[in-house]
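>>> Could you work out the structure for the sequence below:
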Amino acid sequence: MPATQLPQRTRTYQNHHLDGTRWDRFTPRDGDIVVATAYKAGTTWMQTIVSILLFGDSPPGPIGDVCPWIGVRGHPIEPIIEALEAQTHRRSIKSHTALDGLPFYPQAKYVYVGRHGPDVFMSLWNHYSNYTDEAMERFNDTPGRVGEALPRAPDDPRTLWQSWATRGWFPWEGDGWPFWSLLHHVRTWWEWRHLDNVLFVHFNDLLADLEGEMRRVAAFLEIDVPEAEWPARAELATFDAMKERGERVVPGGGAAFEGGADTFLHKGTNGRWKGVLDDADLALWQANVERQLPPACAHWLEHGGPV
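Here you go, the predicted model:
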């Protein structure tokens, strides 16, 4: 397919967390796997699933090393690239950058994971409100930060919701403050869902049929799993099994969070916004969804199902 018919990088994402220019240091290989989400949509879950499909119960290292986040500030890029170059197995990489800020490689495979906005928000609230002082210093004080510092989370999640649901961090966004947009992010990927090397997976569908979704991901990635091994591999990807080995699953072993890996792998469920967000709060979000997303994309982001 001609390059003009493939996604193009037209924006630069740089803030307290993100630096999309770090991808310029990366050299792709045939078969590379990119796990892409805005955030809190099942990123670590899908990284773990990909690792289980590739390596079974014997991954060559912690998930954060096997499937690193190239575009995050606060960690030197050189060791990450060197480690990726040294990998001799099939590689996987994590990304939270919208597709309009990411180089697109036709030789790679992209697994995009989505989740309903209020569920993303509640997971983000747990994540954000439990950052350690050391993590905040790394985000804000590592040299090279572009834009304002990340503020501390407010005490009340509904206070954060008022900004997160209606205000962007970057000028072209309309939600996601003080991180980055969920809605713009999913729209940039949705526009290219027809490509053969892009697969959409939804958090709801992983909850409803984990083994079935893992089989679908394996088929897309062209990974052959012996039939007799499927029950054990699916069990390895359950929330309880991931929690048991949390320090090897969670980025950095959970050091960025009060309570460590146990805080990061909090509930693994949906609907925790019920009783926290009221009808007016949800109406703010719904109005923003209708402004930013085509109806089919909005329906998928909330409910999941085939794309």
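>>> can you pull the contacts of residue 287?
Listed by Cβ atoms under 8 Å, 6 or more residues apart in numbering, residue 287 has no contact partners. In this view, the C-beta of every residue, glycine as well, is placed from N, C-alpha and C.
>>> what about it, helix or strand, and which?
helix 279-292 (DSSP states H and E).
>>> Please identify the buried residues of that helix?
Across helix 279-292, burial judged by 16 or more other Cβ atoms under 10 Å covers 281, 282, 284, 285, 288, 289, 292.
>>> Check which element follows that helix along the chain.
Following helix 279-292 toward the C-terminus (DSSP H and E): helix 295-303.
>>> What's the end-to-end length of stretch 137-150?
10 Å (Cα to Cα, to the nearest Å).
>>> secondary structure class for residue 111?
strand (DSSP: H, G, I helix; E, B strand; the rest coil).
>>> what number of residues lie near it?
A count of nearby residues for residue 111, using other Cβ atoms under 10 Å, gives 22.
>>> ok and the helix holding residue 287 relative to helix 295-303, angle-wise?
Counting by axes from the mean of the first three to the mean of the last three Cα atoms, to 10 degrees, helix 279-292 lies at 140 degrees to helix 295-303.
>>> Distance from helix 279-292 to the middle of the chain?
22 Å (Cα atoms, centre = their mean, to the nearest Å).
>>> and that helix, average pLDDT?
Averaged over helix 279-292, pLDDT sits at 96.
>>> residues in contact with the residue positioned nearest the centre of the chain?
Residue closest to the average C-alpha location in the chain (Cα atoms, centre = their mean): residue 37, at 3.1 Å. Residue 37 is in contact with 43, 46, 96, 112, 113, 114, 115, counting by Cβ under 8 Å, 6+ apart.
>>> Turn the residues you listed into JSON lines, columns for secondary structure, distance to residue 228 and pLDDT.
Formatted as JSON lines, those follow (DSSP: H, G, I helix; E, B strand; the rest coil; distance: Cβ to Cβ, whole Å; pLDDT from 0 to 100):
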{"residue": "43", "secondary structure": "helix", "distance to residue 228": "29", "pLDDT": "94"}
{"residue": "46", "secondary structure": "helix", "distance to residue 228": "24", "pLDDT": "96"}
{"residue": "96", "secondary structure": "coil", "distance to residue 228": "36", "pLDDT": "97"}
{"residue": "112", "secondary structure": "strand", "distance to residue 228": "30", "pLDDT": "98"}
{"residue": "113", "secondary structure": "strand", "distance to residue 228": "28", "pLDDT": "98"}
{"residue": "114", "secondary structure": "strand", "distance to residue 228": "32", "pLDDT": "98"}
{"residue": "115", "secondary structure": "coil", "distance to residue 228": "32", "pLDDT": "96"}
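>>> quick check, nearest of these to residue 177?
For these, the minimum distance to residue 177 (Cβ to Cβ) is 15.3 Å, reached by residue 96.
>>> quick one: the closest one and residue 69 touch, right?
Yes - counting by Cβ atoms under 8 Å, residue 96 does reach residue 69; the two are 7.1 Å apart.
>>> Which of the two has more residues huddled nearby?
Applying other Cβ under 10 Å to residue 96 and residue 69 shows that residue 96 carries more neighbours, namely 23 against 20.
>>> SS state for the residue nearest to that one when sequence neighbours are not counted?
Spatially, and ignoring its direct neighbours in sequence, residue 96 is nearest to residue 39 (5.4 Å; Cβ to Cβ, 6 or more residues apart in numbering). Put simply, residue 39 is coil when judged by three-state DSSP.
>>> Number the chain from 45, please
Happy to do that; since the first residue is 45 now, the last one works out to residue 83.
>>> Please name the residues that touch residue 83.
With Cβ under 8 Å, 6+ apart, residue 83 has these contacts: 140, 164, 168, 171, 223, 224, 226.
>>> what helix or strand does the second one sit in?
Under the assignment given by DSSP H and E, the secondary-structure element containing residue 164 is helix 161-173.
>>> Packing partners of that helix?
With contacts taken as 3 or more Cβ pairs under 8 Å, 6 or more residues apart in numbering; DSSP states H and E, helix 161-173 sits against helix 201-208, helix 323-336.
>>> Buried ones in the helix or strand where residue 125 lies, by neighbour count?
Counting by DSSP H and E, the element that carries residue 125 is helix 121-130. Within helix 121-130, the residues scored as buried using 16+ other Cβ under 10 Å are 121, 124, 125, 128.
>>> Tell me which two of those sit farthest apart.
121 and 128 (10.5 Å).
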